[in-house]
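Novice: fold the following and give me the result.
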Amino acid sequence: MNEDFRKTAPAPLALVPFEIPQPFEIVLPNNLKVVIFEDKRLPIVSFRLAFRFGEVNEPRDAIGLTSAMTSMLSEGTRTRTSLQLAEEIESLGAHVSASANADNTVIAGSALSLYSSDILKLMAEMVLFPTFPESELKLYKQNTIEGLKFQRSQPNFLAEEQTSRILYGSHPYSITTPKPGDIEKITREKLIEFHQKMLVPNNATLIVVGDANRDEILQEIEENFGGWKEGNVEEMQFPAPPARTMTTVTIVDRPGSAQSNIVLSNPAINRTNPDYFPLLVMNQILGAGASSRLFMNLREEKGYTYGAYSSLDTRRLAGAFEATSEVRTAVTGDSLKEFFYELRRIRDERVSEEEITDARNFLSGVFPIRAETQEGLTNLIVSQQLYNLPADYLQTYRDKVNAVTFEKIELVAKKYVTPEKMAIVVVGDAEEVLPQVQSYSSEIEIFDTEGNSVDIANYGKSSIGESADVNGKWNLTVDFQGQKLSVTLSLEQNGNKINGSLESMLGNGEITDGKVTGNKVFGTAKIEVQGQSLEIMLKGDLENENEIKGMLSAQKDGFPDLSFTGTKSG
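Specialist: This next block holds a predicted model:
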């Protein structure tokens, strides 16, 4: 058989035709905008009641109020308790949820078209007549505070927290999450007042997508939401994000971490900026996928990481460009070198014909797939409405992608990728990371995982003084959900480096690349728990030569930090 055909990639198929009609739009007397897109492919209807306010709009002395209010909408109404709401939604085989982000708040519902009237009534009751029961609020506050504690163990969150602080300064976008004290201050009275002020029809759009008759669903919407009273929509003014003038380095110290989470970022565009499509194509070439420049360099060529990417965070009022990766601690500095090489190359060298063709083909080809499902189509229409995108945005998306030229990519790369003004954030072992990043900026700051600033003079002293001797077997007692769990550590020490093993009823694992600094012990063990790989971080303080106490933590949802005490047995 002639194998020559294997040597040449097949030619790309022609673009699949994508024709989507314009939805029906109407504004009710109370200024609630209604958008109806009839889609008879499946007997399902999706609803989105979308508000143009989000966490950015909450009072500065009430951080977390928006998320609390949206979460509590399903916890009780004038006629139904939280349990009754949940049971009724489940009996319909439906889904109802409420969520908020920095810019928007969305109440979502979906059900078989047979039950669309029932779901619409439930959504109206949740939005118009929530009661915010004290008992449910107490439970929400308890769960949220526990969740905030868990966030502090997640490197991605720690990186996002610092990146937002640096890029947005005094702008509300700088706040990524409330503090426990903010949650404690939330009261039922504040929720009621905030609900009445913010959930108003003249700042909302109700989007209906699916198997619905326009006239019938519009009548039902008027019956359920027609009596909703208008409110005052406040035009809030915010400080501008700070202008960046130089590259800075911020380290979040996670002693003993086996890897560094790297984020490089600079200010970019908001969602409606006319440079959106050129920047989208440029980002696809630079780092949006597994064939991008960053991925091919840091993973395929250098082997520093499982993946390296770039992305655009485009919001209503501002935005950012980011490049990210999780790399081995030892190659943090080398990884930064490759990041900056690629960031400068996308600015200084013209992209190839193959790169721009592949990027345009991918973006224009994948767009119709996003609209294939009703959920995907609904989300596209919601974004279009919330960000006031052009009426023909969906119809002309592929044309605008394919209109991006070499010159436009070069222009936006030089404008929005600024290596000389980059904010570098690294979450990892500061003792190991600091010497690798010092050449990138004279402005270096270090924080602990609680967000507290740490004196940089505390670092770089690990080679001074003698490290404790931790050789041998250690019997640990771990406090695990109120029970005592036995864990055995077997450590082998060479200078200030340690290796060994961890044995427990949860699983066994090898400790690699650990270290001892003075009386502090750090290490990472990879174990198998129910068929899944779990990375356990050990942080310990020697009380004396035979006693230790510390913490075990894991980068996994639902795995809390576990305190331990232990003694040396040999």
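
Novice: what's the span of stretch 79-97, first residue to last?
Specialist: 18 Å (CA to CA, to the nearest Å).

Novice: who touches that stretch?
Specialist: Stretch 79-97 is contacted from outside by 74-77, 107-112, 115, 118-119, 122-123, 125-126, 129, 133, 136, using CB atoms under 8 Å, 6 or more residues apart in numbering. C-betas here are computed from N, CA, C, even on glycine.

Novice: could you do stretch 500-516 as well?
Specialist: 256, 258, 329, 462, 467-468, 470, 478, 485-493, 496-499, 521-529, 534, 536, 538.

Novice: are any of those buried, and if so which?
Specialist: 256, 258, 329, 467-468, 470, 478, 485, 487, 489, 491, 493, 498, 521-525, 527, 534, 536, 538 (16 or more other CB atoms under 10 Å).

Novice: quick one: which of those residues sit in helices?
Specialist: Per DSSP state H, helices hold no members of these.

Novice: ok, Leu389 touching Asn273?
Specialist: No: taking contacts as CB atoms under 8 Å, Leu389 lies outside contact range of Asn273: 11.5 Å.

Novice: near the closest residue to Lys302 other than its chain neighbours, how many other residues are there?
Specialist: Leaving aside its sequence neighbours, Lys302 sits nearest to Glu338 (CB to CB, 6 or more residues apart in numbering; 6.2 Å). The local packing of Glu338 (other CB atoms under 10 Å) involves 21 other residues.

Novice: next one, pLDDT for Glu338 please.
Specialist: We have a pLDDT of 98 for Glu338.

Novice: now do Leu386
Specialist: Reported pLDDT for Leu386: 97.

Novice: going forward, begin numbering at 59 instead of 1
Specialist: Yep, numbering from 59; the last one is Leu444 now.

Novice: part of a helix, is Glu219?
Specialist: Yes: counting by DSSP: H, G, I helix; E, B strand; the rest coil, Glu219 is located in a helix.

Novice: backbone torsions only: list them for the nearest residue to it once chain neighbours are set aside.
Specialist: In space, and not counting its chain neighbours, Glu219 is closest to Thr234: 5.0 Å by CB to CB, 6+ apart. With angles defined as degrees, to the nearest 10, Thr234 sits at phi -100, psi -20.

Novice: which ones are touching Thr234?
Specialist: Phe215, Glu218, Glu219, Ser222.

Novice: can you pull the contacts of the third one?
Specialist: I take that to be Glu219. Thr234, Thr235, Gly509.

Novice: the second one against Lys207, yeah?
Specialist: The reference is to Thr235. No: judged on CB under 8 Å, Thr235 makes no contact with Lys207 at a distance of 11.4 Å.

Novice: ok, back up a step: strands - which of the buried ones among the contacts of stretch 558-574 land there?
Specialist: Among the buried ones among the contacts of stretch 558-574, DSSP state E puts 536, 543, 545, 547, 549, 551, 556, 579-583, 585, 592, 594, 596 in strands.

Novice: just give me the closest of the residues you listed to Gln496.
Specialist: If you rank those by distance to Gln496 using CB to CB, Phe580 comes first, at 21.2 Å.

Novice: what bridges to the closest one?
Specialist: Per DSSP bridges, residues listed as beta-bridge partners of Phe580: Lys573, Lys597.

Novice: can you name the residues that contact it?
Specialist: Pro313, Gly314, Asp487, Gly572, Lys573, Val574, Met595, Leu596, Lys597, Gly598.

Novice: what about the residue nearest to Arg405 when sequence neighbours are not counted, how many neighbours?
Specialist: Spatial nearest neighbour of Arg405, chain neighbours left out: Ala471 (4.7 Å); criterion: CB to CB, 6+ apart. Ala471 has 26 neighbours, counted by other CB under 10 Å.

Novice: three-state assignment of Ala471?
Specialist: helix.

Novice: can you pull the pLDDT of it?
Specialist: The score at Ala471 is 98. That number is its pLDDT.

Novice: for it, what are its contacts?
Specialist: By CB under 8 Å, 6+ apart, the neighbours of Ala471 are Met340, Ile404, Arg405.

Novice: ok, 10 Å please
Specialist: If you count contacts by CB atoms under 10 Å, 6 or more residues apart in numbering, Ala471 has them with 336-337, 340-341, 343-344, 379, 401-409.

Novice: check Leu337 too.
Specialist: Taking CB under 10 Å, 6+ apart, we find Leu337 in contact with 326-327, 331, 370, 372, 377, 379, 462, 466-467, 469-471, 473-475.

Novice: one more time with 8 Å
Specialist: Listed by CB under 8 Å, 6+ apart, the contact partners of Leu337 are Ala326, Ile327, Leu370, Phe379, Val470, Tyr474.

Novice: you'd agree it is in a helix?
Specialist: Yes: membership of Leu337 in a helix is supported by three-state DSSP.

Novice: low-confidence stretches in the stretch 409-558 of the chain?
Specialist: Within the stretch 409-558 of the chain, the ranges that satisfy pLDDT under 70 run 519-523, 539.

Novice: ok, now with 90
Specialist: Residue ranges of the stretch 409-558 of the chain with pLDDT under 90: 428-430, 489-490, 516-526, 536-543, 553-555.

Novice: the helices in it, which residues?
Specialist: Secondary structure of the stretch 409-558 of the chain, counting by DSSP state H, counting those that start in this stretch: helices at 411-428, 432-444, 451-460, 464-474, 488-495.

Novice: got those helices as TSV, with distance to Val291 columns?
Specialist: TSV is the format used below for those (distance: least, CB to CB, whole Å):
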stretch	distance to Val291
helix 411-428	31
helix 432-444	14
helix 451-460	24
helix 464-474	31
helix 488-495	45
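
Novice: for these, which one sits closest to Ile275?
Specialist: Comparing those by CB to CB, helix 432-444 comes nearest, at 14.3 Å.

Novice: isn't Asn261 up against Arg110?
Specialist: Yes: using CB under 8 Å, Asn261 is in contact with Arg110, at 5.5 Å.

Novice: neighbour count for those two, which is higher?
Specialist: Neighbour count, other CB under 10 Å: between Asn261 and Arg110, Asn261 has more, with 21 against 17.

Novice: tell me the pLDDT of the more buried one.
Specialist: 97.

Novice: what's near enough to touch it?
Specialist: Here Asn261 is in contact with Phe109, Arg110, Phe111, Gly289, Val291 (criterion: CB under 8 Å, 6+ apart).

Novice: now for those residues: which two are most distant?
Specialist: Spatial extent of the contacts of Asn261 (CB to CB) is set by the pair Arg110 and Gly289 at 12.9 Å.

Novice: tell me the spacing between Leu86 and Ile233.
Specialist: 34 Å (CB to CB, to the nearest Å).

Novice: and what of Ala217?
Specialist: On the measure of CB to CB, Ala217 and Ile233 end up 15 Å apart.

Novice: more neighbours: which of the two?
Specialist: Neighbours per residue (other CB under 10 Å) separate Ala217 from Ile233, with Ala217 holding more: 24 against 20.
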